[in-house]
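*Asks:* Predicted coordinates and the sequence they were generated for:
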Amino acid sequence: MVVKTSYSGGVDSFGLIAVAIVTVVAGQYFHPAIDVFAREFTTAEELQDFMASATMIGFSVSMTLLYGLLLLSSKDTIVKKLPWLPSAAKVFQPTYNILQATFNTWHAFAAFSCAFENGYSFWGNVNPQWNPTMGMLYWLYYLNKIADCTDTIFIKLNGKKSMSKLHCMLHGGQIWLSYFVLRICPMGDCWGPQCINSAIHAAMYSWYLLSASKIPTLTHFAKLVKPCLTAMQMIQFLVLMVHNAQTIQYGSVPVELGVGSFIWMVFLFAMFANFWCHTYTFKGTGKIGV
């Protein structure tokens with residue numbers, strides 16, 4: 001699901017240029033820094049204890065509670081308690097979209113590069129070679145799933161009616177799925193899903209920049225490709241269903257995690273399919289989506 005979170009002022013093509021430049025710079029300097037830091041850990045247990053410590057689980061619980069409180073609050077209540085927040089959000093949102101587009105673009109390339117260099121296949125990586133860099137990449141991916149909840153704040157403050165159950169369940173559920181993967185098996189077969197999901201989010205946040213542009217050609221293009229982004233997300237879930245089924249067959253992840261992830265992907269696909277029917281297939285026909 002793509003939700004346009006508009007803001008005053010807009011962003012022109014310089015935002016996308018900034019994404020390209022910063023991504024190249026990050027690829028040159030950030031990835032080696034992550035690699036050096038990760039290799040300070042000599043065993044998988046040390047790295048996993050660091051990444052999935054009590055601090056992380058506490059962070060997840062706190063963010064989930066804060067997220068729930070935000071969803072239950074009305075825009076008027078938020079503005080009354082925090083009158084400065086709407087203005088701050090309008091200033092910060094363009095920067096946030098650029099940072100997210102940049103991070104997800106870099107992360108997708110970094111995960112793919114790390115997997116390629118270490119001879120990973122898309123699935124079936126049973127007992128993968130000790131790879132702290134891949135573990136750290138998944139840790140960053142998990143932290144970014146928490147940062148994704150910032151979208152909810154923008155939608156809430158913009159008073160959008162598109163604050164749907166799908167949006168809420170997607171963001172809330174991804175935090176916990178990412179945490180369990182991080183805690184159990186952050187290497188091996190986890191590289192494929194994080195790479196695909198980061199690529200989808202890179203496209204999504206780039207779309208936000210295009211749709212908020214003052215350039216008519218770009219805004220028209222953004223309107224045309226909006227259904228394509230939803231279709232890409234649905235294809236993502238289908239691919240990850242197959243991926244999860246294969247990880248169960250190969251035994252490359254604990255069966256509980258594989259089955260749980262598979263069920264989550266089926267659920268999300270069904271929800272997105274329903275959204276597609278309501279928004280595109282039966283729009284204006286009086287029919288109801290499945």
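*Replies:* Okay, I see it. Fair warning: this is a prediction, and the values are worked out from it, not measured in the lab.
*Asks:* Any stretches of the stretch 101-250 of the chain with poor pLDDT?
*Replies:* Counting by pLDDT under 70, the ranges of the stretch 101-250 of the chain that qualify are 127-130, 158-166.
*Asks:* And the helices in it?
*Replies:* Counting by DSSP state H, counting those that start in this stretch, the stretch 101-250 of the chain forms helices over residues 132-147, 150-157, 165-184, 191-211, 216-250, given from the N-terminal end onward.
*Asks:* now for the shortest one, which elements pack on it?
*Replies:* I take that to be helix 150-157. In terms of contact count using 3 or more CB pairs under 8 Å, 6 or more residues apart in numbering; DSSP states H and E, helix 150-157 is assigned the packing partners helix 54-72, helix 75-81, helix 85-117, helix 165-184. In this view, the C-beta of every residue, glycine as well, is placed from N, C-alpha and C.
*Asks:* Look up phi and psi at Trp123.
*Replies:* Its backbone dihedrals place Trp123 at phi -150, psi 170, with angles given as degrees, to the nearest 10.
*Asks:* ok, now which ones touch it?
*Replies:* Contact partners of Trp123, counting by CB atoms under 8 Å, 6 or more residues apart in numbering, are 189, 192, 243, 246-247, 250, 252.
*Asks:* and those, which two are the farthest apart?
*Replies:* Checking these against each other with CB to CB, the farthest-apart pair comes out as Gly192 and Tyr250, at 12.7 Å.
*Asks:* dump the residue contacts of Ile184.
*Replies:* 253-254, 257.
*Asks:* what do you get if the cut-off is 7 Å, keeping everything else the same?
*Replies:* With CB atoms under 7 Å, 6 or more residues apart in numbering as the criterion, the residues that contact Ile184 are 254, 257.
*Asks:* What's the separation between it and Val266?
*Replies:* Distance, Ile184 to Val266, using CB to CB, to the nearest Å: 20 Å.
*Asks:* Over to Pro186?
*Replies:* 23 Å.
*Asks:* neighbour count winner among those two?
*Replies:* Between Pro186 and Val266, counted using other CB atoms under 10 Å, Pro186 has the larger neighbour count: 26 against 15.
*Asks:* so that one makes contact with Leu137?
*Replies:* No: contact status for Pro186 versus Leu137: not in contact, 8.4 Å apart, counting by CB atoms under 7 Å.
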